[in-house]
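Below: sequence and its predicted model.
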Amino acid sequence: MSTPLPYSPERLAQCADEIIVNVRELAERGWTPATSSNFSRRIDDAHVAITVSGRDKGRLTGPDIMVVDLDGQPVATSQKSSAETLLHTQLYKRYPEIGCVLHTHSLTQTVASRLYAGSGHVHLEGYELLKAFAGNTTHETSVDLPVLPNSQDMHTLAAQVDCLLDQQCMWGYLIDGHGLYAWGRDMAEARRHLEAFEFLLGCELELRRLQR
Ligand SMILES: CSC[C@@H](O)[C@@H](O)C(=O)COP(=O)(O)O
Ligand SMILES: [Zn+2]
């Protein structure tokens, strides 16, 4: 007799479908070049559905999504989860209300991360689209999107993210020369935050170009 799974397979299938459909759309926009990017969705209090490392994110199918626990350890599989699993699980562990984490490598995100690495953040102010971030009800506000130095050591990166989360409410951050992490309570909210950051970073880059 096989051991029962510690999570609901129906819920995993639901999460995997959601990831596959949404990520295909993001990939079509060119936000996941060359197998980059990773994506996850909370299954329950103790489990997360996440992309398998190294897969072409524009062509994900069911077997490209696996399960890890909140420490990032694989559950009931021998597959290898995303190299950046810890950056996902640290958010699920810290905030029970977070349901989805999206990481992409668009041109706009990567260029912005390079330009603003020196100041440590991108200051976004006065845009109507700031209302896309949960909790914001007016454009008369500002959001500082942090830019972290890149590292291949996920524990170093995760410790820096934790420090930032201790100080401020955040819906995302950039990593220098790398890309953007954004999250939300569910897929729709995480995607709204991701798209808002992408658009606002595009505006900042365009303004810089015009003001040269
Ligand atoms: C293909 S280079 C990009 C990777 O190093 C990494 O940053 C990334 O986003 C994808 O890694 P993955 O292990 O597939 O989740
Ligand atoms: Zn990455």
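Looks like it arrived, so ask away. Ligands and ions are numbered 1, 2, ... in the order given.

Report the rounded mean pLDDT for stretch 38-55.
Per-region confidence: stretch 38-55 scores 98 on mean pLDDT.

quick one: buried residues of that stretch?
For stretch 38-55, a neighbour-count test (16 or more other C-beta atoms under 10 Å) marks 38-43, 47-53, 55 as buried. Every C-beta, even on glycine, is put in place using the N, C-alpha and C of the backbone.

can you check stretch 135-149 too?
Going by 16+ other C-beta under 10 Å, stretch 135-149 has these buried residues: 136, 143, 144, 145, 146, 147, 148.

Which residue is the nearest non-sequential neighbour of the second one?
Computed as C-beta to C-beta, 6 or more residues apart in numbering, the closest residue to residue 143 that is not its neighbour in sequence is residue 124, at 4.7 Å.

On the three-state scheme, the one you found is what?
Three-state call for residue 124 (DSSP: H, G, I helix; E, B strand; the rest coil): strand.

okay if I get the buried residues of stretch 135-149 as CSV plus distance to residue 22, secondary structure and pLDDT?
Formatted as CSV, the buried residues of stretch 135-149 follow (distance: C-beta to C-beta, whole Å; DSSP: H, G, I helix; E, B strand; the rest coil; pLDDT from 0 to 100):
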residue, distance to residue 22, secondary structure, pLDDT
136, 23, coil, 94
143, 23, strand, 97
144, 27, strand, 98
145, 21, strand, 98
146, 24, strand, 98
147, 25, strand, 98
148, 25, strand, 98
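
follow-up on the earlier one: give me the subset of the buried residues of stretch 38-55 that also touch ligand 1.
38, 51, 53 (C-beta under 6 Å from any ligand atom).

Just the closest of those to residue 201, please.
residue 38 (19.4 Å; C-beta to C-beta).

Quick one: residues contacting that closest one.
Going by C-beta atoms under 8 Å, 6 or more residues apart in numbering, residue 38 touches 50, 51, 53, 57, 82, 83, 84, 85, 88, 103.

Test of understanding: give the bridge partners of the residue nearest to the fifth one when sequence neighbours are not counted.
This points to residue 82. Distance criterion C-beta to C-beta, 6+ apart; nearest residue to residue 82, sequence neighbours excluded, is residue 38 at 3.8 Å. Beta-bridge pairing of residue 38, defined through DSSP bridges, involves residue 103.

one step back: would you confirm that the residue nearest to residue 143 contacts residue 142?
Yes: the criterion here is C-beta atoms under 8 Å, and residue 124 meets it with residue 142 at 6.3 Å.

How about the residues of the protein by ligand 1?
Close to ligand 1, as judged by C-beta under 6 Å from any ligand atom, the chain has residues 34, 35, 36, 37, 38, 51, 53, 54, 82, 83, 84, 103.

In strands only, show me those.
Residues of these located in strands (DSSP state E): 38, 51, 103.

related to what we said a few turns ago, tell me the one of the buried residues of stretch 38-55 nearest residue 99?
residue 42 (4.6 Å).
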